[in-house]
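> here is my input; please provide its structure:
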Amino acid sequence: MKYAAKRTLCALLALVLLCGLTACGGAKAVDPETCTYDEMVEYLTAKGYISKDSSPVDMLTTEGYLTDNTDGEIPFAPFADKAQDYDGLWLMWWDAAAPSEAYTNCFQNLAMNGGTVVYMGGAAVLETAAHNGSFAIAFGDEYAQKDAVMADFQGLSGK
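Residues are numbered from 1 along each chain as shown. All right, here's what the predicted structure looks like:
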């Protein structure tokens, strides 16, 4: 009887451990319609698309992300509520819950413009690779995981 009880207890503990590891393993899916910017960054980091030691660059205050069609008058601009470059993975977000000027002027027309962020009527533009929910992504030339990120990002929905 003691032996059967020990076996049952060990089997039960193994099952609990297995369930716990399964629940912790992998990246928790996010809904790009409702998740926060930080939740999306956590998801992309857990998937290995963003390095844990990455130092993000603010795309809204750094030159070189927008194509400036004004001969240098708009080298950077507030085209999103938050936009950062994680070593070549460019993540942009617009707050649909509290629409800003960037949301109204850039995001609402993103789909109509073929995925291109158009700032001030075309004075500056940024072509995105994909948009989903309140997010858009683009890539630097050297980013290696473009295809994997694209497939994963476009597959996200209200999970």
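> the residue nearest the centre of the chain is in what secondary structure piece?
In the chain, the residue lying closest to the centroid (Cα atoms, centre = their mean) is residue 40, at 4.6 Å. Following DSSP states H and E, one finds residue 40 within helix 37-46.
> so for that helix, what gets flagged as buried?
Residues of helix 37-46 classed as buried: 37, 40, 41, 42, 43, 44 (neighbour count, 16 or more other Cβ atoms under 10 Å). C-beta here means a position set from N, CA and C on the backbone, and glycine is covered the same way.
> what of stretch 103-111?
103, 105, 106, 107, 110.
> from those, which ones fall inside helices?
103, 105 (DSSP state H).
> return the member of the buried residues of stretch 103-111 nearest to residue 85.
Among the buried residues of stretch 103-111, residue 106 lies closest to residue 85 (Cβ to Cβ), at 17.4 Å.
> hang on, the closest one packs against residue 80?
Yes - at 6.7 Å, residue 106 counts as touching residue 80 under the criterion of Cβ atoms under 8 Å.
> just checking, the residue nearest to the centre of the chain touches residue 89?
No - Residue 40 is beyond contact range of residue 89, at 11.1 Å (criterion: Cβ under 8 Å).
> need the contact partners of the next helix or strand after the helix holding residue 40.
Next in sequence after helix 37-46, counting helices and strands by DSSP H and E, comes strand 57-58. Under the contact criterion Cβ atoms under 8 Å, 6 or more residues apart in numbering, strand 57-58 has outside partners 83, 84, 85.
> using CSV, please lay out the buried residues of stretch 103-111 together with pLDDT and distance to residue 63.
Output for the buried residues of stretch 103-111, formatted as CSV (pLDDT from 0 to 100; distance: Cβ to Cβ, whole Å):
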residue, pLDDT, distance to residue 63
103, 93, 23
105, 89, 20
106, 90, 18
107, 92, 22
110, 91, 22
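> mind putting the buried residues of stretch 103-111 into CSV with distance to residue 153?
As requested, those are exported to CSV (distance: Cβ to Cβ, whole Å):
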residue, distance to residue 153
103, 20
105, 24
106, 19
107, 16
110, 14
